[in-house]
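Trainee: mind looking at a prediction? Sequence and model below.
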Protein chains: 2
Amino acid sequence: MSTAQLLSNILLCLSLIFQCSFAVSPFGKIVPRFPSALIHPEMAAMGPMRPGYFTQVLDHFGFRPEGYQTFQQRYLINSTFWGGPWRNAPILWFAQNTGFMFEMAPCFNALLVFIEHRFYGKSIPFGGNKEVASSNSSTLGYLSSTQALADYATQITDLKKNWTAEDSPVVVFGGSYGGILFIENAAMPAAWFRLKYPHIAIGALSSSSPVLNFDNISSPYSFNDIITRGFRSESKNCCKVIKRSWNSMDAGYLQGWLQTALVYTAMTDYPTPSNFLSPLPAYPVKRMCKAIDDPSKEDDDFAKLYATASIYYNYSGGVSCFDLMDNSDSRGLGRRGWKYNYNHNYTCTSDSIVIPSPTWIPIAFGGHDIRRTLRRFGSNIIFFNGLRDPWSGGGVLKSISKSIVAIVAKKVTFNRRKLSMMGAHHADLLYSTNEDPKWLQDVRKKEIKIISSWISRYYRDLAKSSSQFRFSNS
Amino acid sequence: MSTAQLLSNILLCLSLIFQCSFAVSPFGKIVPRFPSALIHPEMAAMGPMRPGYFTQVLDHFGFRPEGYQTFQQRYLINSTFWGGPWRNAPILWFAQNTGFMFEMAPCFNALLVFIEHRFYGKSIPFGGNKEVASSNSSTLGYLSSTQALADYATQITDLKKNWTAEDSPVVVFGGSYGGILFIENAAMPAAWFRLKYPHIAIGALSSSSPVLNFDNISSPYSFNDIITRGFRSESKNCCKVIKRSWNSMDAGYLQGWLQTALVYTAMTDYPTPSNFLSPLPAYPVKRMCKAIDDPSKEDDDFAKLYATASIYYNYSGGVSCFDLMDNSDSRGLGRRGWKYNYNHNYTCTSDSIVIPSPTWIPIAFGGHDIRRTLRRFGSNIIFFNGLRDPWSGGGVLKSISKSIVAIVAKKVTFNRRKLSMMGAHHADLLYSTNEDPKWLQDVRKKEIKIISSWISRYYRDLAKSSSQFRFSNS
């Protein structure tokens, strides 16, 4: 690439970023009100996310013949705004669904890629047979975070070759554990990918990923503490009624059912209506507390809690009867999967057929003394956390170095009331809406600015390496 | 640790380093003449390397019940000079045998640890049964570089806990592929460990590791080119005779037998007598060329080449007959294993029962554009290469950043003759001797200085994190 081309690229990119980051979204009216669906129908304006299948190796780390089995791994691609390989235009790759990335595509002239996690959706090994794949531990054992990272590395490398985009920078986006909470060891924070495969992704936006939620690195009480604080911030009485209710309920399905509603609502306490785990109004925790504080219900705790749970389970109003034993939800998360992760960060005895390995994650990915380890190692990672999100207790909340940056949504004045904490689970990754509060707009602007600086620097390095580094070693 | 303690540590360390790096070796007369045996008998002065066994998981990445099998992995420990956990004294850990590390122990008050690679020596899975472990690909498939790195990570973490040395910095040393050349995908450059497990090793000395010898990242011709240049630098006629001989021999055992002698001698063309792959005199390539240039042999090429090969196969003079079909050597390298790696960097069809995976290494560890990737990522790695070493063609020969440093032994004046290249296979890691040339002494001094700076900085960070970072995230 010539210097002129490079400069024109950077200028184009900068102008688009300027336009985008100050307009918040380039889509104006078509920005949907409800965030975060895999392919939001309204994003059809961008053209389709075209699906494809990649023949993936089952076992990247052993060289047994059974590991050489392959399976079909689904990906989705959108090239509407891609600047093309001749300009080394960037590739934004998300392991989790994110609306924010769609909105960024025109800013960066980027190719959008989604790669489905093995054992989910249509990416089922063993001939696509879900029953075989999950029936016993010999097959389900191939579901692990390390194998999944290797899948991504393999597929992204192949994709870049196929699109003759070897020199295009890849930025990876990941929020939470997303749909992969269900199975132990299947977590995929984008940060881990950047740390393990720096030659494949130039940077990572890791949103609400509890990378420190292992091996008691962070307090095992933080999760519940944050939920409690969230409800208490709305109303002290609300918190008191909920606390009181635990004693009046038998530990069992009813308690679990209510707990799920409270925990998931705290996680998705977004400032706008949302449909991530369940359809919810804006500020659903506030709504729940209003239901509890409702003076018409007097001292009827059951009526209060029923109304509260109904906000999570039946906000759309279409449900006439609740199945307390229902373990499923639309993403396969369910109470069983939840329990799996919830109790003391992987040290609980598992009721799954896959044996948990609580010590492996910190050995493989670190976490203890993460600040000291990464202070002089690694670069180009953003950790976003919202402090209303119970998972933020296991998040990286302080910047580690100039290029490993924590963005935390906290203390802002809103509606004339000072809130000590803001921001729910990967709020930044959701589609923007016209009702987004300023702090959320600011978070996204900051993220775009940082990602833009990674890409610009990459192009500068690429230009240098073309003229200076290449072949210099031979 | 108090500031006073810390300062006293640093001062002690610095004074020892000063003493060591300018004395080259603290062992004076006991320094052995012959380098590089796993436990050199003369190092008994340091006290024994105490052996132990660690119960290791067979499969770190899958969670199948068969992967939960364990095996006994051998380690060796020497704590003669260790400063102890109360001073967070460092741990020097070597994946390959190295005399240099022994000599460094008193400089750093370091604990020495050797961990045997799975499937080698006494660290055989499947009940220690070598035949079962290597008989078929279902068992041998657990021999891979990624599994080996995970073994080390697991065992070092456990060792630090057991010695209450969680805050002791670990520096990893690795030379070449060492004894692990035999099996595809079993390479273990220390650099890879540092890059993948930065939270476990604060730095790595990666000596003569051909990390770029994959996927045609470096020229596939470099290996033979460097051997040719090495012989030509001694005598043009020597080179000519060898070249001529290829035509007069049938491709087959005789050619392979001679080739092995030439290649291994080029690799171990040390400035002092050595016993790495075979007992050899100082500057053995020069000796070989002298045998070829011997005027008494006139035009008898066979006699010349026989004398040449005898230097490699029979320098000690005890062999009366050569078995050309002998695939074994003292380290299990052999011609078959050699062939496996030698032909075009892992792209050849394998005759082994383990299927090679030529594309995996660059996907897992990078290599393409390594300068651009690591320029702003990672830290604390030394790449040493000697330019007489044929493997140096796949080595990192230029520094990448301030803390990812290449040390190359090249162009020095020696014996009034200008040599364009110096340094054989991980020459720096061998025991020092009184006959070491100045360039080699300088290389070791430089390495000690750099490693010392890593450890000092680690202690400074540790002191800061004790007072500032710890608990700051909760």
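Mentor: All right, it came through fine. Numbers count the residues shown, from 1 in each chain, chains lettered A, B, ... in the order given.
Trainee: for the closest residue to A:S401 other than its chain neighbours, give me its contacts.
Mentor: The spatially closest residue to A:S401, leaving aside those adjacent along the chain, is A:R375, at 5.5 Å (Cβ to Cβ, 6 or more residues apart in numbering or on different chains). Where C-beta positions appear, they are placed from N, C-alpha and C, glycine not excepted. By Cβ atoms under 8 Å, 6 or more residues apart in numbering or on different chains, the residues touching A:R375 are A:I400, A:S401, B:D461.
Trainee: which of the residues you listed tops the neighbour count?
Mentor: Among these, A:I400 has the most neighbours (other Cβ atoms under 10 Å in any protein chain shown), with 21 neighbours.
Trainee: wait, a strand at that one?
Mentor: No: using DSSP: H, G, I helix; E, B strand; the rest coil, the assignment for A:I400 is coil, not a strand.
Trainee: just to revisit the earlier point, need the pLDDT of the residue nearest to A:S401.
Mentor: The model reports A:R375 with a pLDDT of 93.
Trainee: look up how far A:S208 lies from it.
Mentor: Applying Cβ to Cβ, to the nearest Å, the value for A:R375 to A:S208 is 23 Å.
Trainee: and for A:R444?
Mentor: Taken as Cβ to Cβ, the span from A:R444 to A:S208 is 14 Å.
Trainee: confidence score at A:N185?
Mentor: 34.
Trainee: in chain A, where is pLDDT below threshold?
Mentor: Within chain A, the ranges that satisfy pLDDT under 70 run A:1-45, A:63-67, A:95-97, A:176-188, A:251, A:325-358, A:410-420, A:468-474.
Trainee: so what secondary structure elements neighbour the longest helix belonging to it?
Mentor: If you go by DSSP state H, chain A has its longest helix at helix A:438-464. If you count contacts as 3 or more Cβ pairs under 8 Å, 6 or more residues apart in numbering or on different chains; DSSP states H and E, helix A:438-464 packs onto helix A:3-23, helix A:99-108, strand A:170-175, strand A:203-207, strand A:381-386, strand A:404-414, helix B:370-375.
Trainee: check the offset of that helix from the chain's centre.
Mentor: In terms of Cα atoms, centre = their mean, to the nearest Å, the centre of helix A:438-464 is found 19 Å from the chain centre.
Trainee: buried residues in that helix?
Mentor: Applying a neighbour-count criterion of 16 or more other Cβ atoms under 10 Å in any protein chain shown, one finds A:439-440, A:443-444, A:446-448, A:450-452, A:454-459, A:461-463 buried in helix A:438-464.
Trainee: got the angle for it vs strand A:381-386?
Mentor: Calculated by axes from the mean of the first three to the mean of the last three Cα atoms, to 10 degrees, helix A:438-464 forms an angle of 170 degrees with strand A:381-386.
Trainee: and for the residue of the stretch 301-450 of chain A found nearest chain B, the neighbour number?
Mentor: Closest contact between the stretch 301-450 of chain A and chain B, by Cβ to the nearest Cβ, is at A:G366 (3.2 Å). Residues lying near A:G366 (other Cβ under 10 Å) number 23.
Trainee: what about stretch A:111-126, distance to the chain center?
Mentor: 15 Å.
Trainee: where does A:A424 land in three-state SS?
Mentor: coil.
Trainee: please read the previous query as pertaining to A:L277.
Mentor: Of the three states, A:L277 takes coil under three-state DSSP.
Trainee: how many neighbours does it have?
Mentor: Neighbours of A:L277 using other Cβ under 10 Å come to 19.
Trainee: in which helix or strand does the closest residue to it other than its chain neighbours reside?
Mentor: In this structure, A:L277 finds its nearest non-sequential neighbour in A:Y264, 4.9 Å apart by Cβ to Cβ, 6+ apart. Assigned by DSSP states H and E, A:Y264 belongs to helix A:253-267.
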